[in-house]
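**Q** Next input, structure requested:
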Amino acid sequence: MESENREWMRGLVKKIMDSYEKYPETCSIGSGNRLSRNVIIDVLEKIRYVVFPGYFESKSLNGDFVEYHMGELLNDIYYLLKKQVAKALVHTEDGHVVPEQEAQKRAEEIASAFLERLPALREILATDVQAAYDGDPAAFNKEEVIFSYPGVFAITVNRIAHELHVMGVPLIPRIMTEYAHNLTGIDIHPGAVIGSYFFIDHGTGVVIGETTEIGKHVKIYQGVTLGALSTRGGQSLRHMKRHPTLEDNVTVYSGASILGGQTVIGEGAVVGSNAFITSSVPRGTRVSIKNPELQFKGGVQMTELGQEGFWDNE
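**A** The predicted structure follows:
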């Protein structure tokens, strides 16, 4: 029996090895430039420590220790990000191999430029926190918003990833945003351009495509899709404007779908729940679906409970 198991295992290993030869594009064996998802997530968390100091660290921050701690964090971020970016830069769209020395030099420039963007990143994230607090009467205070709101977490990760995306870093921004997608159910492509005071309420099921453009003071609810009309063209559609534009002060309620690269939702427009939009909406417009007819049957008044309403007796 033991010899039969060994033979079976040898045969299975051979089949797996053959599949590696047959589909080399799904293998990363022997690559010296393999990214580490765990390291990238660690970098992301360290960046969150910097942009929201004192909220997520395990140690207390006070006095002179804050400056020392920030110096340590920034050094760690620079070192880890530089190494991962250098590996990512090797992975080009056209398969062109970037020389290691060139990738290292470019990675150092990108890591430095990213760290320089952190004060501006904090500034715009402060507007997102304010928008979440102002836009949700259930918010106890801004600390609750920062600690617990999935929309704020997803936007934070997206803004970090977007900075790397516009610097031309491949792979890493998408790894970051998919990490947030995994945790929150909110799928925002790092290529999306999003203005200040952005708020996603509840959040689950939100999809925001790569070429979406969002203005200032925009609020969207759970289940909203800002997507493409069709992706049947596949890679031939790359770099084309496929997703909609939302101008300033737009509100989109739950379950609405707004599709197409030429679709513009004008300033101050309100899109109601479950609307399906594939053409532009003028500024100040309210779009809603006519209420469906409700039917009630077999109920009795709940007078014994002292309430208006019906109790289903079926």
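
**Q** so where is the stretch 151-300 of the chain shaky, pLDDT-wise?
**A** 231, 233, 235-237, 299-300 (pLDDT under 70).

**Q** if we go to 80?
**A** 230-239, 292, 298-300 (pLDDT under 80).

**Q** next one: the stretch 1-150 of the chain
**A** Per-residue confidence for the stretch 1-150 of the chain (pLDDT under 80) gives these ranges: 1-2, 25, 27-33, 57-64, 91-98.

**Q** show me where it has helices.
**A** For the stretch 1-150 of the chain, the helices defined by DSSP state H, counting those that start in this stretch cover 2-22, 37-51, 65-89, 100-116, 118-135, 142-148, 150-166.

**Q** Please identify the buried residues of the last one?
**A** Which is helix 150-166. 150-165 (16 or more other Cβ atoms under 10 Å). For every residue, glycine as well, the C-beta is placed using N, CA and C.

**Q** list the helices and strands it packs on?
**A** helix 37-51, helix 100-116, helix 118-135, helix 172-184, strand 187-188, strand 193-194, strand 199-201 (3 or more Cβ pairs under 8 Å, 6 or more residues apart in numbering; DSSP states H and E).

**Q** angle of that helix against helix 37-51?
**A** Angle, helix 150-166 to helix 37-51, by axes from the mean of the first three to the mean of the last three Cα atoms, to 10 degrees: 110 degrees.

**Q** CA-only coordinates of helix 150-166 in PDB, if you can.
**A** The C-alpha coordinates for helix 150-166 follow below in PDB (Å, rounded to 0.1, in the frame of the first residue of the first chain):
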ATOM      1  CA  PRO A 150     -15.500  51.100   6.600                       C
ATOM      2  CA  GLY A 151     -16.000  53.900   4.100                       C
ATOM      3  CA  VAL A 152     -13.300  56.000   5.800                       C
ATOM      4  CA  PHE A 153     -10.900  53.000   5.800                       C
ATOM      5  CA  ALA A 154     -11.500  52.300   2.100                       C
ATOM      6  CA  ILE A 155     -11.100  55.900   1.100                       C
ATOM      7  CA  THR A 156      -7.900  56.200   3.200                       C
ATOM      8  CA  VAL A 157      -6.400  53.100   1.500                       C
ATOM      9  CA  ASN A 158      -7.500  54.400  -1.900                       C
ATOM     10  CA  ARG A 159      -5.900  57.800  -1.500                       C
ATOM     11  CA  ILE A 160      -2.600  56.200  -0.500                       C
ATOM     12  CA  ALA A 161      -2.800  53.800  -3.400                       C
ATOM     13  CA  HIS A 162      -3.800  56.500  -5.800                       C
ATOM     14  CA  GLU A 163      -0.600  58.500  -5.000                       C
ATOM     15  CA  LEU A 164       1.500  55.500  -6.000                       C
ATOM     16  CA  HIS A 165      -0.700  54.800  -9.100                       C
ATOM     17  CA  VAL A 166      -0.100  58.300 -10.500                       C
END
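
**Q** now the angle between helix 118-135 and it, please.
**A** 150 degrees.

**Q** returning to that earlier point: could you say which of the helices and strands packed on helix 150-166 is packed most deeply?
**A** Neighbour counts (mean count of other Cβ atoms under 10 Å) averaged over each of those peak at strand 199-201, with a mean of 26.

**Q** partners of the helix or strand that that strand is followed by in the sheet?
**A** On the C-terminal side of strand 199-201, the closest following helix or strand by DSSP states H and E is strand 207-208. Here strand 207-208 is paired, per DSSP bridges, with strand 187-188 (parallel), strand 225-227 (parallel).

**Q** now the longest one, how far from the centre of its chain.
**A** This points to strand 225-227. 13 Å (Cα atoms, centre = their mean, to the nearest Å).

**Q** which element follows that strand toward the C-terminus?
**A** Using DSSP H and E, the next helix or strand after strand 225-227 towards the C-terminus is strand 245-246.

**Q** and that following strand, what other elements does it pack with?
**A** Judged by 3+ Cβ pairs under 8 Å, 6+ apart, the packing partners of strand 245-246 are strand 213-214, strand 264-265.

**Q** which ones are touching residue 106?
**A** 85, 86, 89 (Cβ atoms under 8 Å, 6 or more residues apart in numbering).

**Q** The same query, at a cut-off of 10 Å, please.
**A** Residues near residue 106 by Cβ atoms under 10 Å, 6 or more residues apart in numbering: 82, 85, 86, 89, 98, 167, 168, 169.

**Q** Relative to residue 217, which of those is nearest.
**A** residue 167 (26.8 Å; Cβ to Cβ).

**Q** What separation is there between that closest one and residue 110?
**A** 5 Å (Cβ to Cβ, to the nearest Å).

**Q** same deal with residue 156?
**A** 20 Å.

**Q** again with residue 220
**A** For residue 220 relative to residue 110 (Cβ to Cβ), the value is 31 Å.

**Q** Please indicate which of the contacts of residue 106 are buried?
**A** Buried among the contacts of residue 106 (16+ other Cβ under 10 Å): 82, 85, 86, 89, 167, 169.
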